[in-house]
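>>> I need the structure of the sequence given here:
(chains A, B and C)
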Amino acid sequence: MSVSAQSADSSLSEDGNNVDQLKAEQTSKRSALDFVKQQPLGTMGLLIIVILFLAAVFAPHVAPVDPETVDFMSSPAMGGGAPSAAHLLGADAFGRDILSRLIYGSRTALSIGFFSAFIGCSIGAIIGIISAFAGGRVDILVQRGIDLMLSFPIIILAILVIAIVPKNVIFGIDINVIIAISIPFIPKVARVIRSAALSIVTLAYIDAARAAGYSGKRVVFRHILPNVTAPYLILITAYIGQAILLEASLSFLGLGVVEPTPSWGLMLSGVNSDYYITAPWMIIFPGLAVTLAVFAFNLLGDSLRDWLDPKLKL
Amino acid sequence: MNKDKSSNPEVLLDVEDLEVEFSTGAGIVRAVDKTSFKVHKGEFLSIVGESGCGKSVTALSIMRLLPKKTATVKAKKILFDGLDLSTLPEAEMRTLRGRHMSMIFQEPMTSLNPVLTIGDQLTEPLITHLNMSQKEADIRAIELLSMVGIPDPERRITQYPHQFSGGMRQRAMIAIGLACEPKLIIADEPTTALDVTIQAQILELLKDISERLGIAVILITHNLGVVAAYADKVNVMYAARIIERGTSSNIFATPSHPYTVGLMRSVPRLDKPRVGRLATIEGMPPNLLAPPVGCRFRERCPIAEPRSEETPPTIAASNPAHTVSCWKSDEVNANAATLYGAETATETEKAAHGDKVLLKVEGLKQYFKISLREGLKSHEVDIRAVDDMSFNVREGETVGLVGESGCGKTSAGRAILHLNTPTGGQIEFDGNLLNGGNIAAVRRDMQVIFQDPFSSLNPRMKVGQILEEPLKVHKLREGKEARLDRVAELLTQVGLYPYFADRYPHELSGGQRQRVGIARALALEPRMIICDEPVSALDVSVQAQIINLLEDLQNDLGLAYVFIAHDLAVVRHISHRVIVMYLGKVMEVGEGDSLYENPQHPYTRALLDAAPVPDPEIEQNRQRTILEGDIPSPLNPPAGCVFSTRCPIATNECSNLIPPLDEFAPGHTVACIQIEAN
Amino acid sequence: MLRYTAKRLLLVIPTLTAVAMLVFFLVRVVPGDPVEVKLMGEFGDVTPEQVLKERTRLGLEDPLPIQFMNFMVGLPQGDLGISLVTERSVMEEIGGRIWISIELAFFATILSVIIAFPLGTLAALYRGTWFDYLIRMITIGGLAVPSFWFGMLLIMLLLAVVGKLPSLDTAGLFEDPLENLYTLLWPAISVGYRYSAVIARMLRSSILEVLAEDYIRTARAKGLYERVVIVKHGMRNALLPTVTVVGLEFAFLIGGLVVTEQVFNINGIGKMFVEAVQFNDLTMLQGLVLLVATSFVLINLAVDILYATLDPRIRYQT
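Below is the predicted model:
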């Protein structure tokens, strides 16, 4: 196959990398190992996510102490609580070990993050595809609906839903928080997937499928959907990060998960202003945890985009 | 007319040993490999070759427009009017660009800045290089627009690129290139993206400017006809090297490189009798990441010898000014006619077709509704993509639909396939009237091949899966094994190895993908295939392969084709009957060669005039009428005969009634009242 | 141009109406009875009859269509109803606290844009250098760092360096501009970090994309000064998608106010919003959400019109 070297700088991905080059690399090597080689940042993100995941799953074994153990002796009120051998990252106002709480908090973050993103993105994707494929009145109606929902900032929409949906905790997971976070994602994802699906619907191989007499169902499931998975995966990854951020904000405001569910955002809420100076570790580490988690998902999402679909506009 | 340029020996551009390398993720690609050539003042040089051969890179490297980070340009010298461009500091190079040498690019749609006015973009070089004031520059800009044939220039300079048509944009680009009266204009495939009649306008303009103002032109193209019509000198490039060089008459009269011969023989010709099969150059151009040692053409060359593992020297061919890089150029010279198989000297009739009418199209109408804004209100208008078209296709027959953009040929194809529901008219297939209800039943019999090999295959499915799917859906083979056997059979039938079934589309070349597309159409065992520009997106040497394949399949399987294209020569070669369309209406229909030997409709004549043939003798002496103006917008088609606004023989009557398709001679119908009157 | 503006303006009306309807119905789906809660808070135990009486007094027992009509009629007049908690006009309550939020939002926007534009542009022009990587790291941080935590860190910094926090009785902008700006600077940075990160990223990728376009090559082929190529030909086009993003992300900024005002204890409408949810003050909630949505729709309108002035393809549609 001859390599056309003429337009070496013809089109660029988000990172300013040459798309033609990226595509050439894409087509020549596609295994997981090559992802590691070509996307170092994304791999790093993936690594962090895996570590977080393992910490969450094996929390009881990894956490040094029980996160609920109250120990007033170590609390800052008593003058203690600074990071030490007993409390590697310090202790909070009640003398509870921060590291353990962080580890258990990762369960909440990851589970709520994943489920909200998954539900929100999936529903959004389905709506987007149906809208694109149905066209006409349906499409216009859905578009208006999306525009309407997009008139609200995400957090405000989420808070509204929190206010409406009654609290419901199943298996230790706060369903109402998940619903509240997934709803604002739906219109955003629907919009991106719809435009991705639209651009596919006009391609020749869809015409070929129709001309060959394939049923509408087959065309959607066999031809359109698989080509929409790339944007879908990229979106889910990015939105898991957003979901973690949103959960932290909601819990911080007292509107998300509540005690005793461990949550990084919750650890930051209601911090007495004295503690800013006397116990900064109470503030630094939980926030760092959120930042790290979101950072990792963003890195992975960006890398996935370079790897799968550089021209995707999120 | 070509003057004898050797009477003006002053050398303007002297390139010696130019080398350009790109560092890509996959390795170093040498896009131009030690090429040398000269351009004289006022001369018209054409660099011809297929994609990837290095012609554009050569031009960009002379202008030093290649990205510095990835491209390395080396040369012994690049002398331009005495200055060595290869060592010139960038600041000085900048003063040359746009002033003494300018460049026009292929895509008029994207080569102009969409947010700046045409006037602004036109006056920039004037202000930058010639120090004109805005006022002076504006005056000159209006002058320039008139020079390139844009009407109403005072108004036009305040407009934006999106308000210009493709042809006009390219004229504006030429105006920009001309602005500071350069000594050299480089035009990189300036007409490839334009319609045939517009192409002719632009090229004539370029040639005219070159002759009148004494500007040298380097025209990069892949179209041999264009080369023959306009170029004084030719460089033929292959795989980063110039493999033959000389005057246009030399190259065409005595081609001395197997590749040059192959190119000329594999293109369907309008000026020669139809050949039975096109000559094809087997294989594909080499991968420039790892080019073959020695002669780069040897893997595809019909007369290659072990000697070609050494790079052949550049020697003189028919005369000292005609050089070629081939060990066996003498043999090539002597046997040009038979190098790629014997050329049938006599006229070859196309294989006969059946008499039974397979497809009957009557009064086909395809209108699309769009909303137009007028003030705050909007109303709907119909775009008449196809407006009352009737024709038949018989078993085993190829009917060619030819025309420029907006003529409706593609819409007609889609309407027949019911990919869009026709607005009116009747379509009968094998005696059954087609409507939304029974279309499913005939889907198997009527298949389609598309133009773009890159979007016509699902990138997430393997080739084998793409071919197996129709077998599954229509239950054509029972059991996985039977289906896989059939897939292998299909692949072989289209000239691919069975192991291609395991590949993904992106691993195949354009030509290979097109073959898969054909295989997919064949899988359903159709009786007719609609071919929508199946070779337009392919390189010349690959086109011939696909055309031959389609013809072979027709002979073997008795397939009927509706062949949609804009290339007159290709359509003539492959069709039993040709229909010429313009703005949704049929202009002329001709059986066999009647359309080409005796074109009646003024539009058909204009089309044929606009298509140059690869023969400088013919082209030099040709009187051609170039159509003026742009193709009217389908939103606002002219009243009466849709061609009347551009027709050289139109009268008032022509705008008042729609001419009926009348028989001019047996098998030859024309829709023109002027012809009747004759 | 005028045509385009008029058309867009007309479209706004149905959008806002739909938003109002949505908000009205959403808010009425809230479980729990705020009136009951409030009365119980005041008097301890209450009987259902007392609750009913209070609800009727507040107009909550009227049939829904009546309530809706009152609502819709009151809207254009600026009447957003009565707060269920304070029993004062919602408009009055909002009016008292909105100005500080508006100032904060503007301040944050101006800061973000001033910082993002040069950073994003330079990152694009010096792509691949350490500077570019630094900017990219910082902007990725902007997307990952929770704005409330960032605010808390800023407070820690202030306490450590200055020893005290800026005055909570924030002086008005016109009474004591320096004091006022100093107080608002920190929440503005806190809520603006993400905003500027998004803008900088968009600008960077926009510029890179534009610089790879064909017309840039044409501009160079004309022998224009590189400066002219980048600024006149490149930036003009790169601005277009960036302007759109500035508008879209403004929504995030408004949302960010909710947490930021909490962290910095600013008495704006962000804090008001949280309080309304906590106390189930339906009418207040309704009014606030409507306000936010309306301002967002109007800002998008402004952005669209700005975009049209920049892009002749929209202005002169053939």
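
>>> show the pLDDT at B:Val562.
Looking at B:Val562, its pLDDT is 95.

>>> find the nearest non-adjacent residue to it, please.
Spatial nearest neighbour of B:Val562, chain neighbours left out: B:Ile530 (4.7 Å); criterion: C-beta to C-beta, 6 or more residues apart in numbering or on different chains. Any C-beta I mention is one placed from the backbone N, CA and C, and that applies to glycine too.

>>> and the one you found, bridged to which residues?
B:Ile530 has these beta-bridge partners by DSSP bridges: B:Val448, B:Val562.

>>> tell me the SS of the closest residue to chain B within the stretch 101-250 of chain A?
Nearest residue of the stretch 101-250 of chain A to chain B: A:Gly213, at 3.3 Å (C-beta to the nearest C-beta). Of the three states, A:Gly213 takes coil according to DSSP: H, G, I helix; E, B strand; the rest coil.

>>> find the nearest non-adjacent residue to it, please.
Nearest non-adjacent residue to A:Gly213 (C-beta to C-beta, 6+ apart): B:Arg443, at 3.3 Å.

>>> the one you found touches A:Ala208, doesn't it?
No: assessed by C-beta atoms under 8 Å, B:Arg443 is found out of contact with A:Ala208, at 11.4 Å.

>>> one step back: from memory the residue nearest to B:Val562 sits against B:Ile416, does it?
Yes: taking C-beta under 8 Å as the definition, B:Ile530 is a contact partner of B:Ile416 at 6.3 Å.

>>> quick one: least confident helix or strand in chain A?
helix A:19-28 (a mean of 46; mean pLDDT, DSSP states H and E).

>>> run the chain-centre distance for stretch A:84-96.
29 Å (C-alpha atoms, centre = their mean, to the nearest Å).

>>> which parts of the stretch 151-300 of chain B are strands?
For the stretch 151-300 of chain B, applying DSSP state E, counting those that start in this stretch gives strands covering B:184-188, B:216-221, B:233-238, B:241-247.

>>> nearest to C:Arg136, of those?
strand B:184-188 (34.9 Å; C-beta to C-beta).

>>> coming back round to it: in terms of neighbours, single out the busier of B:Arg443 and A:Ala208.
Per other C-beta atoms under 10 Å in any protein chain shown, whichever of B:Arg443 and A:Ala208 has more neighbours is A:Ala208, with 25 against 21.

>>> surely the more buried one forms part of a helix?
Yes: assessed with three-state DSSP, A:Ala208 lies in a helix.

>>> any common contacting residues for B:Ile530 and B:Ile416?
B:446, B:562 (C-beta atoms under 8 Å, 6 or more residues apart in numbering or on different chains).

>>> and for the residue of the stretch 101-250 of chain A closest to chain B, the neighbour number?
19.

>>> so B:Val393 belongs to a strand, correct?
Yes: checked against three-state DSSP, B:Val393 lies within a strand.

>>> that one contacts B:Val562, doesn't it?
Yes: under the criterion of C-beta under 8 Å, B:Val393 makes contact with B:Val562 at 6.1 Å.

>>> related to what we said a few turns ago, just want the phi and psi numbers for the residue of the stretch 101-250 of chain A closest to chain B.
Taking degrees, to the nearest 10, you get phi 80, psi 20 for the backbone angles of A:Gly213.

>>> list the residues that contact it.
A:Gly213 touches B:440, B:443-444, B:473-474, counting by C-beta under 8 Å, 6+ apart.

>>> next one: it from C:Ala221, what distance?
Per C-beta to C-beta, to the nearest Å, A:Gly213 is found 50 Å from C:Ala221.

>>> related to what we said a few turns ago, contacting residues around the residue nearest to A:Gly213?
Per C-beta under 8 Å, 6+ apart, neighbours of B:Arg443: A:211-213, B:524.

>>> could you export the residues you listed as JSON lines, including distance to C:Ala251 and pLDDT?
Listed next are those as JSON lines, based on distance: C-beta to C-beta, whole Å; pLDDT from 0 to 100:
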{"residue": "A:Ala211", "distance to C:Ala251": "44", "pLDDT": "89"}
{"residue": "A:Ala212", "distance to C:Ala251": "45", "pLDDT": "88"}
{"residue": "A:Gly213", "distance to C:Ala251": "46", "pLDDT": "86"}
{"residue": "B:Leu524", "distance to C:Ala251": "51", "pLDDT": "90"}
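
>>> B:Glu380 is nearest to which of the strands of the stretch 151-300 of chain B?
That would be, of the strands of the stretch 151-300 of chain B and by C-beta to C-beta, strand B:184-188, which comes in at 41.0 Å.

>>> give me the residues contacting the closest one.
So strand B:184-188 is contacted by B:12-13, B:39, B:55-56, B:59-60, B:62-63, B:80, B:100-106, B:174, B:177-178, B:206, B:209-210, B:215-220 (C-beta under 8 Å, 6+ apart).
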